[in-house]
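Q: from the sequence below, what's the structure:
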Amino acid sequence: MDYILPFFDVISYLPRWYIGAFLGCAFLLYYLREAVKQPVLACSSGKFRQFLEENVPILKEKYWPTLWCFESRAQTIFASLLRSKLLPDMAYRREILHLSDGGQVGLDWLEEGCSSNSPIIIILPGLTGASQADYVKCLVLSAKQLGLRTVVFNNRGMGGIQLKTPRTYCAANCEDLAEVVAHVKATNPNVPLAASGISMGGMILGNYLAKEGPAAKKVITAAMLISVPWNAKKGSESIEKPILNLLLNRHLCGGLCQTVVRMKEQLNGDFVDLEEVLKSRTIREFDSIFTVKQFGFKDVDEYYDKAAIHDKLHNIQVPLLCLSAADDPFQPYDAIPVEAANESQHVAIVITARGGHIGFLEGLFPAYEGQYMSRLFSQYFAAVFKDRSNSLKFLEDSD
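A: Take a look at the predicted model:
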């Protein structure tokens, strides 16, 4: 204590600009040391890793998160706000797909400037998202710049689509996606097909790829997951931590409850008490009261076990590139299956030090086309489809 008091006495006599300069330098050193890092690439040595290292140059660069916004929750929130302001609504062509059980989903196509044989990318939005979600439009525009056709898969009851049956959607159920993939492939039989899932959309896509195994290679050329919650249990625990994470949790839970309100007439029945559902304050509470009963799980732990994909990488045979941030509030770093990816010939996980959840802002004045997420998406799929006659031969060689 005797040493501390003289130190503060000295500080009090220093000019304010000197103190400001010192604090600014300290902040900059912290940013350069803790935030600016080359991403980790978790993938076994082999054809897929070689393909990525030779064709996706961003993986060899350091990720420079936005200087004034590199904290995880700030990245998560401001990325959404900025993209919402920067990106106009997309003029999609809507297709209604009637499902085998009487339900329906909306497929929103953006094909402007593309030919009928241009490759197609199916994009799966997150928990409460649809085709006009800011992060979806970000990827759609990136695909458009590559000359690729995109089709956004709006889950049941989302994107303005009327719910036709009491069933909605969940992270562990990929039956609807299987029908969408089969339909898109059947109507475009000679066109390469890829897919990208964001957050919960990534869980659905990951579960589909794991469930289908080698059969998925017959229809999906390559895939990408962004900010996927690998382990639903650990993700739930992380997003329930006070104070900021819990606030994000409650915001998303409120969105889920509003979704239920919109579907109230179709959801009325004996299987769930809607009044109790609307009292939910966290995603776990919502899933316990609503999702578990809708899909027949024993409890929320069984649902989260079924939804998780961290333990299913060995079943995935389609080339799959994944982007995760080590500071994602929805998924702690220790839940990312780094070891499993390091043993996989087909799955690669790119882990940035910062980025939040679907954030990945970079540059002092970030724009949608300059965001790390968009650049990785563009470089990967540009490499996948750059040689249409020899697309992804590395996969054939690695089998």
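
Q: which residue sits closest to Leu244 in space, ignoring its chain neighbours?
A: Nearest residue to Leu244, sequence neighbours excluded (Cβ to Cβ, 6 or more residues apart in numbering): Arg73, at 4.8 Å. C-betas here are computed from N, CA, C, even on glycine.

Q: show me what contacts that neighbour?
A: Going by Cβ atoms under 8 Å, 6 or more residues apart in numbering, Arg73 touches Leu244, Asn245, Leu248, Pro329, Gly356.

Q: off-centre distance for the helix or strand hosting it?
A: For Arg73, the host element (DSSP states H and E) is helix 72-86. Relative to the centre of its chain, helix 72-86 is centred 14 Å away, using Cα atoms, centre = their mean, to the nearest Å.

Q: give the buried residues for that helix.
A: Ser72, Arg73, Ala74, Gln75, Thr76, Ile77, Phe78, Ala79, Ser80, Leu82, Arg83 (16 or more other Cβ atoms under 10 Å).

Q: ok, so of those, who is nearest Arg156?
A: For these, the residue nearest Arg156 by Cβ to Cβ is Ser80; the value is 23.6 Å.

Q: isn't the closest one up against His357?
A: No - counting by Cβ atoms under 8 Å, Ser80 does not reach His357; the two are 9.4 Å apart.

Q: quick one, helices of the stretch 51-200 of the chain?
A: 72-86, 134-145, 175-187, 200-212 (DSSP state H, counting those that start in this stretch).

Q: would you mind finding the most buried of these?
A: helix 200-212 (a mean of 26; mean count of other Cβ atoms under 10 Å).

Q: so which elements touch it?
A: Applying 3 or more Cβ pairs under 8 Å, 6 or more residues apart in numbering; DSSP states H and E, one finds that helix 200-212 contacts strand 120-124, helix 175-187, strand 193-198, strand 222-226, strand 320-325.

Q: for Gly46, which of those is the nearest?
A: strand 320-325 (13.6 Å).

Q: now for the residue lying closest to Arg250 once chain neighbours are set aside, how many residues are close by?
A: Distances taken as Cβ to Cβ, 6+ apart put Arg281 closest to Arg250, at 5.8 Å, once the chain neighbours are dropped. Neighbour count of Arg281, defined by other Cβ atoms under 10 Å: 13.

Q: and Asn55, by the same measure?
A: Counted with other Cβ under 10 Å, Asn55 comes out at 15.

Q: which ones are touching it?
A: Neighbours of Asn55 in contact, by Cβ under 8 Å, 6+ apart: Gln379, Ala383, Lys386.

Q: apart from its neighbours in sequence, what residue is nearest the first one?
A: This means Gln379. Nearest one to Gln379, counting by Cβ to Cβ, 6+ apart, is Val56 at 4.7 Å.

Q: try Ser344
A: Per Cβ to Cβ, 6+ apart, closest to Ser344 is Leu313, 5.2 Å.

Q: so that neighbour is in contact with Glu339, correct?
A: No - under the criterion of Cβ under 8 Å, Leu313 makes no contact with Glu339, lying 9.7 Å away.

Q: who has more neighbours out of the two?
A: Using other Cβ under 10 Å as the criterion, Leu313 and Glu339 rank with Leu313 on top: 22 against 10.

Q: need the contact list for the residue nearest to Ser118 when sequence neighbours are not counted.
A: Spatial nearest neighbour of Ser118, chain neighbours left out: Arg149 (5.0 Å); criterion: Cβ to Cβ, 6+ apart. Going by Cβ under 8 Å, 6+ apart, Arg149 touches Trp109, Leu110, Glu111, Cys114, Ser118, Pro119, Ile120, Ile121, Ala143.

Q: mind checking pLDDT for the most centrally placed residue in the chain?
A: In the chain, the residue lying closest to the centroid (Cα atoms, centre = their mean) is Ile198, at 2.4 Å. Turning to Ile198, the model gives it a pLDDT of 98.

Q: residues contacting it?
A: Per Cβ under 8 Å, 6+ apart, neighbours of Ile198: 123-126, 129, 135-136, 139, 225-228, 358.

Q: helix, strand or coil for the residue nearest to Arg250?
A: coil (DSSP: H, G, I helix; E, B strand; the rest coil).

Q: give me the distance between it and Pro332.
A: 21 Å (Cβ to Cβ, to the nearest Å).

Q: swap in Ser45?
A: From Ser45 to Pro332 the distance is 27 Å (Cβ to Cβ).

Q: average model confidence for the helix or strand hosting Glu237?
A: Element membership for Glu237 (DSSP H and E) is helix 232-239. For helix 232-239, mean pLDDT rounds to 96.

Q: relative to Val152, how far out is Arg94?
A: From Arg94 over to Val152 (counting by Cβ to Cβ), the distance is 10 Å.

Q: please read the previous query as pertaining to Glu54.
A: In this structure, Glu54 lies at 30 Å from Val152, with Cβ to Cβ as the measure.

Q: so which of these two has more stuff around it?
A: The residue with more neighbours, out of Glu54 and Val152, is Val152; 28 against 10, by other Cβ under 10 Å.

Q: I figured that one hits Ser131, correct?
A: Yes - using Cβ under 8 Å, Val152 is in contact with Ser131, at 3.8 Å.

Q: overlap of the contact sets of those two?
A: Tyr92, Asp108, Pro125, Val140, Gly159.

Q: residues contacting the last one?
A: What that stands for is Gly159. Gly106, Asp108, Ala130, Ser131, Gln132, Val152.

Q: what about the fourth one, neighbour count?
A: Read it as Ser131. Neighbour tally, Ser131, other Cβ under 10 Å: 26.

Q: for it, what are its contacts?
A: Applying Cβ under 8 Å, 6+ apart to Ser131 gives the contacts Met90, Tyr92, Gly106, Asp108, Pro125, Lys137, Val140, Val152, Asn154, Gly159.

Q: repeat the analysis, applying 6 Å as the threshold.
A: Tyr92, Asp108, Val152, Asn154, Gly159 (Cβ atoms under 6 Å, 6 or more residues apart in numbering).
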